[in-house]
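# next one to model:
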Amino acid sequence: MSGIHAGKTAIITGGASGIGEGIARRLSSDGANVVIADLNGALAREVAADLGDNTLAVELDVTDEAAVDAMVATAADRFGGLDIMVNNAGIIQIAPVAETSYADWKRIMDVNVDGVFLGCRAAARVMIEQGRGGTIVNASSGAGRRGVPNISGYCASKAAIIMLTQSLAVELGPHNITVNSYAPGHITTPFWKGIAEGFSKVMDKPPDEVVEMFRSTVPMGRFGTPEDVAAAVSWLATKDASYVSGQAIAMNGAEFPY
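Predicted coordinates for the structure are as follows:
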């Protein structure tokens with residue numbers, strides 16, 4: 001295949017829908033071999049089949065240490081190495097802190113923090129052994145940079161990703177591995193539809209009013225799209241971004257200027 005990522009291999013966790021699917025499709029169109037790792041194996045296989053050859057679907061729970069290690073090893077064996085690791089999988093719960101169980105808090109941390117750590121660690125091991133550098137990109141959020149009521153666990157988990165990213169960028173820099181994160185604002189996906197419905201319940205407002213409330217805070221006047229995020233992720237994996245590392249790149253239409 002031709003394209004700016006021709007010959008490279010990329011893994012995207014949570015790659016079967018939403019932002020992850022957008023990233024998978026963009027990297028595939030840019031020439032990369034793409035591994036779509038998702039808890040929904042059937043949907044991952046559908047997306048992989050649509051993208052055609054040079055694509056592999058893997059059913060994956062990102063909190064399963066052995067499964068993450070095996071998935072990364074399988075991808076590297078199948079395509080001759082690993083160049084791009086996108087740790088995109090994540091979950092959210094919307095509830096006041098007084099109504100949040102410890103089990104729910106732990107589940108958010110398990111997926112959003114531990115899952116990203118496991119993906120970073122597995123990718124780093126392969127990339128270091130290869131000796132040709134690489135790119136790791138992690139999913140943070142605008143909610144990881146400022147507090148938002150009713151999603152305290154999600155905010156805390158995404159803030160942790162920013163610091164994990166910065167720490168790994170320093171540690172892996174000598175191996176020519178860049179580590180960055182993307183921090184989206186409101187992106188139009190099924191995930192955000194669920195968020196609107198969740199806030200609708202805790203705020204006692206119709207979902208349409210909640211959506212408009214969020215839209216009104218974006219100076220650019222529109223929500224982002226998975227393609228907006230995917231374009232930036234693709235760029236982070238190019239030579240043009242080879243000196244960019246340790247960053248949490250906001251993609252929010254200037255909703256909050258950092």
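# so for the lengthiest helix in the chain, mean pLDDT?
Ordering each helix of the chain by length in residues (DSSP state H) puts helix 152-172 first. Mean pLDDT, helix 152-172: 98.
# and for stretch 209-227?
The average pLDDT within stretch 209-227 is 90.
# for stretch 64-82, same thing?
pLDDT averaged over stretch 64-82 gives 98.
# what residues of it count as buried?
Neighbour-count burial for stretch 64-82 flags 67-69, 71-72, 75-76, 79, 81-82 (criterion: 16 or more other C-beta atoms under 10 Å). For the C-beta atoms, the positions are set from N, CA and C on the backbone; glycine is no exception.
# again, but for stretch 30-47
In stretch 30-47, counting by 16+ other C-beta under 10 Å, buried: 30-39, 43-45, 47.
# quick one: it to chain centroid distance?
Centroid separation between stretch 30-47 and its chain, computed with C-alpha atoms, centre = their mean, to the nearest Å, is 14 Å.
# gap between the two ends of that stretch?
16 Å (C-alpha to C-alpha, to the nearest Å).
# what's the answer for stretch 141-156, then?
End-to-end for stretch 141-156, by C-alpha to C-alpha: 10 Å.
# now stretch 153-160, how far from the centre of its chain.
14 Å.
# what of stretch 9-24?
On the basis of C-alpha atoms, centre = their mean, stretch 9-24 sits 8 Å off its chain's mean C-alpha point.
# who does the helix or strand just after the longest helix of the chain pair up with?
Using DSSP states H and E, the next helix or strand after helix 152-172 towards the C-terminus is strand 177-184. Here strand 177-184 is paired, per DSSP bridges, with strand 134-139 (parallel), strand 248-251 (parallel).
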